[in-house]
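Trainee: any chance you can model this:
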Amino acid sequence: MVTFTPTILMAQAGVGAARGVISTDAGIGWAASSVNTEPFRRDPLVTGKGWQFIAYYDTLGHVVLGRRRNGKGAFELRRTAFRGKARDAHNVISIALDGKGHLHMAWDHHSGVLHYARSRSPLSLELDVIESMVGSLEARVTYPEFYHMPGGDLLFLYRNGASGNGTLVLDRYDAAAGKWRRMHDNLIDGEGKRNAYWQMAVDPKGTIHLSWVWRETPDVASNHDLCYARSVDGGTGWQRSDGSAYHMPIDAASAEYAMRIPQGSDLINQTSMCADAGGIPYIATYWRDAGDSVPQYRIVYHGANGWHSVIPFLRKTPFTLSGGGSRRIPISRPQVLASTKGEKTRVLMIYRDAISGSLPAVVMTPDILRGNWSGFDLSDRSVGSWEPSYDAASWQRKGILSLFVQRTEQVNGETGSGMPGQMVQVLDWKPKWKKITHKN
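Mentor: The predicted structure is shown next:
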């Protein structure tokens, strides 16, 4: 394992605009839970065919869709007839744009029936009726996520079952045929004893990267270990990082373990991962080492001699994770992004920490192998319980981080915090790597 000696990194407040961050207001959205700002929204923003689309719940729980040309200027908004139980932060809205320009949306799921619709015509905000995808294993859906494949097809993942007892289902949408088909009824099997909380990424060559933690019970404290799998054939076959094939489904005995992390380590679930142009996967997460009281952010990646873990900066404020349902946590789950420049991989991590005012912040390095992390705030406005999510297509195609931002307040459980509606914003920023001055 490669380790660096990190230092305390304090973000520089109020410098987001000076760094070229452009903020655009969309509309007032639900803020009494973090349902609009959960990191497992794949995605809240999507770009394609010269348009950028956005989705969020308004103050009455209606799904609002919007679009703008070329990812610039004001959004054209449309309040749909579809609603969700916005008090429950699990019930996120996920959207995707297929290769023909049709908008797909899944929303309002917490171990309930699939809610899915797509646009009546390409690039339209008008959605058709609710429909099924393949018609089976669609009665206990949670955590719907879309992913884009080269060529215009889509992947769709969700948990079938409940926390501590569930399986991972994978569907694929054929954009040319306009139909969904089932790839795996049970991609990762909890064997009735546990379930996988995953994150996924598709690299530029079309390799699908999947990582996950196991959870033994509904209590978040039972999260443990970090596992990995990949598919080089579009999701049919799966293999470990050494190329050895999995026999499906993947279970706790057969999984590749990138990091062994015991229960009770304050390991968070459902974070993020990405992959660079060379197909190297990067996973952002946090956990606490044995004997320490402070959970630390980590970037876990696969390189020479196996898996490595990097701490980009040191936190000093302790907290613990325990209990079921949505939790109020002083730091956000992180988002990781990567780009390749020659033989160097540039890595960014987006996060929020209450100790520094709950501001959207970034830490970044121009070379993951050397470390040399620097950081600053992307805004000078507190975002409460916000966690980062972004437009994956905008980053992959343009190198622009288009970040969904809204102040939200989450309490433990699904009762709602009482926070009135808050403005939904999009922060757009293109990193200028040569102009970084704040270094460890």
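Trainee: any low-confidence regions in this protein?
Mentor: For the chain, the stretches flagged by pLDDT under 70 are 1-18, 434-440.
Trainee: hey, where'd the helices end up in it?
Mentor: When secondary structure is read from DSSP state H, the chain shows helices at 392-398.
Trainee: quick one: the residue lying farthest from the centre of it and L226, what's the gap?
Mentor: When each C-alpha in the chain is compared with the mean C-alpha position (CA atoms, centre = their mean), G291 comes out farthest, at 29.4 Å. Distance check for G291 against L226: by CB to CB, to the nearest Å, it reads 19 Å. (C-beta placed from N, C-alpha, C; glycine too.)
Trainee: with Q263 instead?
Mentor: For Q263, the distance to L226 equals 13 Å [CB to CB].
Trainee: got it, and I400?
Mentor: In this structure, I400 and L226 are 29 Å apart, going by CB to CB.
Trainee: which one's more surrounded, those two?
Mentor: Neighbours around I400 and L226, counted as other CB atoms under 10 Å, are more numerous at L226. The numbers are 25 against 18.
Trainee: so that one sits against P262, correct?
Mentor: No. L226 sits out of contact with P262 when judged by CB atoms under 8 Å, with a separation of 11.7 Å.
Trainee: who does A338 form a beta bridge with?
Mentor: With DSSP bridges applied, A338 shows beta-bridge pairing to V347.
Trainee: burial count for it?
Mentor: The burial metric for A338, expressed as a neighbour count using other CB under 10 Å, is 23.
Trainee: and it, how far is that from A361?
Mentor: Distance of A338 to A361, computed by CB to CB: 18 Å.
Trainee: is T340 in contact with G279, as I believe?
Mentor: No. In this structure T340 lies outside contact range of G279 using CB under 8 Å: 10.3 Å.
Trainee: list the contacts for the closest residue in space to L137 that isn't next to it in sequence?
Mentor: Sequence neighbours aside, N160 is the residue nearest to L137 in space, at 5.0 Å (criterion: CB to CB, 6 or more residues apart in numbering). The contact partners of N160, by CB atoms under 8 Å, 6 or more residues apart in numbering, come to L137, R140, V141, G166, T167, L168, V169, N186.
Trainee: mind doing that once more with 10 Å?
Mentor: 111, 136-142, 166-169, 185-186, 190, 195 (CB atoms under 10 Å, 6 or more residues apart in numbering).
Trainee: which ones among these lie within strands?
Mentor: Counted as lying in strands by DSSP state E, out of the contacts of N160, are V141, T142, G166, T167, L168, V169, N195.
Trainee: nearest residue to G206 other than its sequence neighbours?
Mentor: Closest residue to G206 in three dimensions, ignoring its sequence neighbours and counting by CB to CB, 6+ apart: P150, at 4.7 Å.
Trainee: doesn't A175 make contact with the one you found?
Mentor: No. Counting by CB atoms under 10 Å, P150 does not reach A175; the two are 11.4 Å apart.
Trainee: out of these two, which sits in the busier spot?
Mentor: Taking other CB under 10 Å, P150 and A175 do not tie; A175 has more neighbours (17 against 12).
Trainee: any idea how far the more buried one lies from D189?
Mentor: 29 Å.
Trainee: what's the answer for S33, then?
Mentor: As judged by CB to CB, S33 and D189 stand 31 Å apart.
Trainee: residues near the residue lying closest to N36 once chain neighbours are set aside, how many?
Mentor: Counting by CB to CB, 6+ apart, Y56 is the residue found nearest to N36 once chain neighbours are left out, at 4.8 Å. Using other CB under 10 Å as the criterion, Y56 is surrounded by 27 other residues.
Trainee: and what of S322?
Mentor: Residues lying near S322 (other CB under 10 Å) number 12.
Trainee: not counting sequence-adjacent ones, nearest residue to it?
Mentor: Nearest in space to S322, with sequence neighbours left out and distances taken as CB to CB, 6+ apart, is A221 at 4.4 Å.
Trainee: could I get the full set of strands for the stretch 151-300 of the chain?
Mentor: With DSSP state E, counting those that start in this stretch, the ranges of strands along the stretch 151-300 of the chain come out as 154-162, 165-174, 179-184, 195-202, 208-215, 223-231, 256-259, 272-275, 281-287, 296-303.
Trainee: for the second one, buried residues please.
Mentor: Within strand 165-174, the residues that qualify as buried are N165, G166, T167, L168, V169, L170, D171, R172, Y173, counting by 16 or more other CB atoms under 10 Å.
Trainee: run the angle between it and strand 179-184 for me.
Mentor: Between the axes of strand 165-174 and strand 179-184, defined by axes from the mean of the first three to the mean of the last three CA atoms, to 10 degrees, the angle is 140 degrees.
Trainee: could you dump strand 165-174 to PDB, C-alpha only?
Mentor: This file holds the C-alpha atoms of strand 165-174, laid out as PDB (Å, rounded to 0.1, in the frame of the first residue of the first chain):
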ATOM      1  CA  ASN A 165     -30.700  -8.200   2.900                       C
ATOM      2  CA  GLY A 166     -30.700  -7.300  -0.700                       C
ATOM      3  CA  THR A 167     -29.300  -8.100  -4.200                       C
ATOM      4  CA  LEU A 168     -28.000  -5.900  -7.000                       C
ATOM      5  CA  VAL A 169     -30.000  -5.900 -10.300                       C
ATOM      6  CA  LEU A 170     -28.600  -4.700 -13.600                       C
ATOM      7  CA  ASP A 171     -30.600  -3.800 -16.700                       C
ATOM      8  CA  ARG A 172     -29.400  -2.400 -20.100                       C
ATOM      9  CA  TYR A 173     -31.200  -0.100 -22.500                       C
ATOM     10  CA  ASP A 174     -30.700  -0.600 -26.200                       C
END
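Trainee: quick one, that strand and strand 195-202 angle?
Mentor: Relative orientation of strand 165-174 and strand 195-202, computed by the same axes, to 10 degrees: 30 degrees.
Trainee: mind checking how far strand 165-174 is from the chain centre?
Mentor: What separates the centre of strand 165-174 from the centre of its chain is 17 Å, taken as CA atoms, centre = their mean, to the nearest Å.
Trainee: W30 contacts T59, correct?
Mentor: Yes. When contacts are counted by CB under 10 Å, W30 is listed as touching T59 (5.7 Å).
Trainee: comparing these two, which residue is more hemmed in?
Mentor: More neighbours sit around W30 than around the other of W30 and T59, counting by other CB under 10 Å; the figures are 28 against 15.
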